[in-house]
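sequence first, then the predicted structure:
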Amino acid sequence: METKFFPHREMIFTKHPVFDNVRTAIFITNPGSGQADVFLIEIAPGSDTPIHTHEENADSIFVVQGKGETYVNGKWQIIEPGDYIFVPPKGEHGTRNTGSEPLRLFVHRTPPLV
């Protein structure tokens, strides 16, 4: 795989395949790297990604924009830009947008979803 550059002005957000009112801008996926999935997710105001787990995948999540809450270690915690969340395999997690603008999260998942 070669080095990649993704200019902000060329990012394309598309509907998330599972969650309503959530969009993704995909940078790296399993077919492209075999090592990780890397993407931005954008959660609309008043929307969420329900509490869920990944059996074999760890999520590394950085809050880029907006305000919300994340479900980790059995409770909801407030998140804002600059916050970081690590979710190990089988860790319950979910995120909801409590603000008035889109909530953007930078996600690095390893290993990638197949």
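Arrived safely. Residues are numbered from 1 along each chain as shown.

show me how far stretch 1-17 is from its chain's centre.
14 Å (CA atoms, centre = their mean, to the nearest Å).

now do the helices in this structure.
30-33 (DSSP state H).

quick one: least confident helix or strand in it?
One helix or strand of the chain scores below all others by mean pLDDT, DSSP states H and E: helix 30-33, with a mean of 62.

for Phe86, which non-adjacent residue is spatially closest?
By the measure of CB to CB, 6 or more residues apart in numbering, the closest residue to Phe86 outside its immediate chain neighbours is Ser60, 5.7 Å from it. C-beta here means a position set from N, CA and C on the backbone, and glycine is covered the same way.

who does that neighbour form a beta bridge with?
With beta bridges defined as DSSP bridges, Ser60 has these partners: Phe86, His108.

run through the residues that contact it.
Remark: with contacts taken as CB atoms under 8 Å, 6 or more residues apart in numbering, Ser60 is in contact with 84-87, 107-110.
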